[in-house]
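Peer 1: pasting the structure only:
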């Protein structure tokens, strides 16, 4: 099975394009219990009701490294971390941590002037490809490259391939092949609705049915009709689309124009100097903070306040660190964000981002080890490319480049849906060596910017904060437990899945243990019962 684009995979994960009867799923399904509620949530509500009612938690500080946050959101303002010394004022940097004005966290994607910020950025593969293009463009064989540069040459070749794939033309090719995958299912759906075997785009336009499955199907099929011969019928589409996709693929070539240095035009640091760390500003709402706001709400939106949603954790403070633009993040910013979180007291860090290349990965790995030395747990998303990341690296990578060991304080999380028939999200990355656990990540309802706005999103970006929230609950009620103990508890208490699941990358039925190391979905109820036994 060819890889689905993220957009198509997310659409398919809802079932709307498949012509299925979609079972009603509760809005807060990720918090619920499989036996009681019929959905594969993490049983945190059951844990609160049966295990935690008479216990007093400590407050846990959780750092979210992401795109920013709506600091005025009704469901988040009660749980935002406030740097008390900084908030008190009295001088430019009252707490003398080097980051003046960091009341709620810090923005490593800005100039000293809070109005000047990086919003969008390029792919790391483009940056790597053009950085070494002059060095390797004329090379036709690895034998022409000095031994010390051969690994770099291999990375450069991969960056060229990836940069080509993520170019506008490359995205079009990927989309066309993905549409070929779903065409038979969408076709069967519309044959049923139109009650005829042969139809055209005009016939689809005539369908006026208020149903999200119809709207999604028309959108997907419309992408096909508009790219092939006018007046084509559904029966002609597969062959015409195959010809169109093959033609596009044959003409693909690497990008010719270097990407804009968005970060370099704004951020006033020496990027190549890892010790130049005091840069950025305190504007956490720059650009579009939707992703970070959604992630933060999943972790810790105020519970039981009769507003919007309940977060997973009930005794948490959220520190936002803005380091992820619309595009690939830079390694230095991630390394600085991890260190900032550790230095300012965070005990758990959520990282719902990732990329295919990491030229300064040593900086990030050193920061992860710094977090380990300070007993800080890191929870990271596995990624949304339905790829085996044991074979195709996805960064930040918990496997050290230096000694090939796996960071003991990092949990990597894949995504699941609410029902057995589509349990593993079709977009989720997987890997029985790298991915540790699965957690709910399909249609997760949470906070979005707007003060009192909410919405659903899908991705391993949503699964990661579910696990972060669970880790925060364990830490709050059992503060004596270390980061590594909490990780071990989460992994040892997963809900094991005995039935075969669909491998997102191949479409084949496999044991879930082939997709993640623990072979299961996190379970808060079981995790907290286990935590209670550890002295």
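Peer 2: Received it, and whenever you're ready, just let me know what you need. Model, not experiment: these values are computed from the prediction.
Peer 1: Could you use CA atoms for every contact and neighbour count after this?
Peer 2: Fine.
Peer 1: any idea of the pLDDT on the residue nearest in space to the middle of the chain?
Peer 2: In the chain, the C-alpha nearest the mean C-alpha coordinate belongs to residue 461, at 2.7 Å (Cα atoms, centre = their mean). The model reports residue 461 with a pLDDT of 98.
Peer 1: buried stuff in stretch 309-316?
Peer 2: Of the residues in stretch 309-316, those buried by neighbour count under the rule 16 or more other Cα atoms under 10 Å are 309-316.
Peer 1: Show me the helices in the stretch 201-350 of the chain, by range?
Peer 2: Taking DSSP state H, counting those that start in this stretch to define them, one finds helices in the stretch 201-350 of the chain at 201-205, 212-225, 237-250, 290-300, 331-343.
Peer 1: Save those helices as TSV, and put in mean pLDDT, mean neighbour count and distance to residue 490 too.
Peer 2: Below are the helices of the stretch 201-350 of the chain laid out as TSV (pLDDT from 0 to 100; neighbours: other Cα atoms under 10 Å; distance: least, Cα to Cα, whole Å):
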stretch	mean pLDDT	mean neighbour count	distance to residue 490
helix 201-205	86	14	48
helix 212-225	78	18	36
helix 237-250	92	16	44
helix 290-300	98	29	16
helix 331-343	98	23	22
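Peer 1: I'd like these laid out as JSON lines, including distance to residue 420.
Peer 2: What follows is the helices of the stretch 201-350 of the chain, written out as JSON lines (distance: least, Cα to Cα, whole Å):
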{"stretch": "helix 201-205", "distance to residue 420": "32"}
{"stretch": "helix 212-225", "distance to residue 420": "20"}
{"stretch": "helix 237-250", "distance to residue 420": "31"}
{"stretch": "helix 290-300", "distance to residue 420": "22"}
{"stretch": "helix 331-343", "distance to residue 420": "36"}
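Peer 1: Residue 206 versus the residue of the chain positioned farthest from its centre, what's the distance?
Peer 2: The outermost residue of the chain, judged against the average C-alpha position, is residue 196 (41.1 Å), by Cα atoms, centre = their mean. Using Cα to Cα, to the nearest Å, we find residue 196 at a distance of 14 Å from residue 206.
Peer 1: swap in residue 401?
Peer 2: Relative to residue 206, residue 401 is positioned 57 Å away (criterion: Cα to Cα).
Peer 1: Counting neighbours, go ahead and name the busier of the two.
Peer 2: Counted by other Cα atoms under 10 Å, residue 401 and residue 206 do not tie: residue 401 has more neighbours, with 12 against 9.
Peer 1: neighbours of the residue lying closest to the more buried one once chain neighbours are set aside, just the number please.
Peer 2: For residue 401, the nearest residue in space outside its immediate sequence neighbours is residue 362; the separation is 7.3 Å by Cα to Cα, 6 or more residues apart in numbering. Other residues lying near residue 362 total 16 when counted by other Cα under 10 Å.
Peer 1: which secondary structure elements does the helix or strand containing residue 362 contact?
Peer 2: Under the assignment given by DSSP states H and E, the secondary-structure element containing residue 362 is helix 361-373. Contact here means 3 or more Cα pairs under 8 Å, 6 or more residues apart in numbering; DSSP states H and E; on that basis helix 361-373 packs against helix 331-343, strand 377-381.
Peer 1: Now that helix: buried residues?
Peer 2: In terms of neighbour count (16+ other Cα under 10 Å), helix 361-373 has its buried residues at 361-365, 367-372.
Peer 1: ok, now stretch 133-152?
Peer 2: For stretch 133-152, the buried set under the neighbour-count rule, 16+ other Cα under 10 Å, comprises 136, 145, 152.
Peer 1: that older thread, give me the nearest residue to the residue nearest to the centre of the chain, chain neighbours excluded.
Peer 2: Counting by Cα to Cα, 6+ apart, the nearest residue to residue 461 once its immediate chain neighbours are dropped is residue 352, at 4.5 Å.
Peer 1: Domain ranges for the chain, per the record?
Peer 2: Taking automatic domain parsing as the reference, the chain has its domains at 6-120+260-531, 124-165, 168-250.
Peer 1: if you compare the ones you listed, which one is most tucked away?
Peer 2: Ranked by mean neighbour count under mean count of other Cα atoms under 10 Å, the domains of the chain are led by domain 6-120+260-531, which reaches a mean of 21.
Peer 1: now the angle from the helix or strand hosting residue 184 to helix 212-225?
Peer 2: Assignment of secondary structure by DSSP H and E places residue 184 within helix 168-194. Between helix 168-194 and helix 212-225, the angle formed by their directions is 130 degrees, by axes from the mean of the first three to the mean of the last three Cα atoms, to 10 degrees.
Peer 1: Compute the inter-axis angle for helix 168-194 and helix 237-250.
Peer 2: Using the same axes, to 10 degrees, helix 168-194 lies at 170 degrees relative to helix 237-250.
Peer 1: so what does helix 168-194 touch, helix or strand wise?
Peer 2: With contacts defined as 3+ Cα pairs under 8 Å, 6+ apart, the secondary structure elements packing on helix 168-194 are helix 150-165, helix 212-225, helix 237-250.
Peer 1: so how far is that helix from its chain's centroid?
Peer 2: 25 Å (Cα atoms, centre = their mean, to the nearest Å).
Peer 1: Show me the contact partners of the helix holding residue 362.
Peer 2: Helix 361-373 is contacted from outside by 274, 331-332, 334-336, 338-339, 342, 377-378, 396, 398, 400-401, 407-409, using Cα atoms under 8 Å, 6 or more residues apart in numbering.
Peer 1: again, only using 6 Å
Peer 2: The set of residues external to helix 361-373 that reach it, using Cα atoms under 6 Å, 6 or more residues apart in numbering, is 335, 409.
Peer 1: repeat for stretch 60-67
Peer 2: Contacts of stretch 60-67 with the rest of the structure, by Cα under 6 Å, 6+ apart, involve 289, 292, 316-325, 341, 346-351, 476.
Peer 1: now stretch 397-416
Peer 2: Outside of stretch 397-416, the residues that reach it under the criterion Cα under 6 Å, 6+ apart are 372, 377-382, 423-425, 428, 435-441, 460, 463-464, 484.
Peer 1: ok, back up a step: kindly state the pLDDT recorded for the residue farthest from the centre of the chain?
Peer 2: Model confidence at residue 196, expressed as pLDDT, equals 92.
Peer 1: So it: helix, strand or coil?
Peer 2: State at residue 196, reduced to three classes by DSSP: H, G, I helix; E, B strand; the rest coil: coil.
Peer 1: same check, this time on residue 90
Peer 2: Following three-state DSSP, residue 90 is assigned to coil.
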